[in-house]
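Participant: just the structure for this:
(one chain, ligands or ions: 1)
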Amino acid sequence: MITSVANWKLNGSDELFREWFREFKKDFNGDFSKIAIAPPTLYIPLCNELGEDKITVCAQNLDFSNAAARTGEVSLEMLLDMQCSMSIVGHSERRNIFGETSEMIHSKLKKIAGKNFIPIYCIGESLDEYNSNKSFQSIETQLNSELLLLREEIKIYIAYEPIWAIGTGKLPSINEIEKMHEFIKKMIASYQHINLLGMLYGGSVSPDNSPELSRSRLIDGVLVGGASLNGNSFAKIASSFS
Ligand code: PEP
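Facilitator: This is a model prediction of the structure:
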């Protein structure tokens with residue numbers, strides 16, 4: 001099971017990835033098969049090489065079609081061609097900055113289902129929803145209109161990422177994360193064709209809070225943005241979950 005995912009977003013260069021892998025390999029004491037890194041698409045082959053097939057390389061996004069007039073997009077088939085068989089799907093930045101709708105996210109999951117490919121499907125509530133006690137309602141709506149419409153078999157990781165916790169240094173309490181993870185698991189439990197590989201938490205995870213998060217039996221792992229850019233700090237986080 002993957003327990004620590006580094007989401008590099010729009011960061012990195014040939015030099016930075018080489019340095020990151022050097023630092024990470026030096027400081028990580030755990031099982032490399034539990035680690036995934038999501039670089040910008042162009043760096044997938046370099047990360048495959050630097051990870052020496054021990055670290056999973058994950059895309060940050062993919063399109064729902066193939067061989068189509070969709071300038072700038074990358075398909076599942078292209079990722080497989082680059083020895084990449086995992087992708088983040090539905091990250092809140094894709095939803096909020098690039099206008100991805102629930103319909104598009106559902107189409108991406110549908111495209112992946114039945115293939116030798118695993119999504120890390122992100123869901124989370126906004127600050128307004130959190131403040132007005134609508135977190136569970138928001139998650140329920142996302143699951144119902146995206147994942148639970150699927151009829152095909154799928155192996156999936158779900159990342160619960162409250163939007164207000166991403167890049168802000170603010171986190172829900174462990175109890176709040178656990179309640180949400182339990183709620184999500186219950187919602188999908190009766191859907192036999194959805195094979196949940198792990199429930200990840202994402203949003204301001206750091207070397208300081210990862211030991212406590214890792215002690216929860218309801219948090220299988222973490223999706224990390226900012227703190228994953230530094231090889232040492234990601235190694236500390238990943239070591240807590242390994
Ligand atoms: C993310 O963008 O998925 C994320 C969790 O970011 P950060 O760790 O910086 O909050």
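Participant: host element of Tyr157?
Facilitator: Assigning secondary structure by DSSP states H and E places Tyr157 in strand 154-160.
Participant: what is the distance between that strand and the centre of its chain?
Facilitator: 8 Å (C-alpha atoms, centre = their mean, to the nearest Å).
Participant: buried residues in stretch 186-197?
Facilitator: 187-188, 194, 196 (16 or more other C-beta atoms under 10 Å). For every residue, glycine as well, the C-beta is placed using N, CA and C.
Participant: could I get these in TSV, plus columns for distance to the ligand, pLDDT and secondary structure?
Facilitator: Below are those laid out as TSV (distance: C-beta to the nearest ligand atom, whole Å; pLDDT from 0 to 100; DSSP: H, G, I helix; E, B strand; the rest coil):
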residue	distance to the ligand	pLDDT	secondary structure
Met187	21	97	helix
Ile188	21	97	helix
Ile194	22	98	strand
Leu196	19	98	strand
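Participant: show me what residue of the protein gets nearest to the ligand.
Facilitator: Distances between the chain and the ligand by C-beta to the nearest ligand atom are smallest at Gly225, namely 2.3 Å.
Participant: mind checking pLDDT for that residue?
Facilitator: Looking at Gly225, its pLDDT reads 98.
Participant: and the strand or helix carrying Ile44, what other elements does it pack with?
Facilitator: Element membership for Ile44, per DSSP H and E: helix 44-50. Helix 44-50 sits against helix 14-27, strand 56-57, with contacts defined as 3 or more C-beta pairs under 8 Å, 6 or more residues apart in numbering; DSSP states H and E.
Participant: just the residues contacting the shortest one, thanks.
Facilitator: Outside strand 56-57, the residues within contact range by C-beta atoms under 8 Å, 6 or more residues apart in numbering are 2, 33, 35-39, 44, 47-48, 51, 83-84, 86.
Participant: repeat that with 6 Å
Facilitator: The set of residues external to strand 56-57 that reach it, using C-beta atoms under 6 Å, 6 or more residues apart in numbering, is 36-37, 44, 47-48, 84, 86.
Participant: what is the mean pLDDT for stretch 165-178?
Facilitator: On average, the pLDDT along stretch 165-178 is 98.
Participant: start to end distance for that stretch?
Facilitator: Length of stretch 165-178, first residue to last, C-alpha to C-alpha, to the nearest Å: 15 Å.
Participant: how far is it from where the chain is centred?
Facilitator: Distance, centroid of stretch 165-178 to centroid of chain: 16 Å (C-alpha atoms, centre = their mean).
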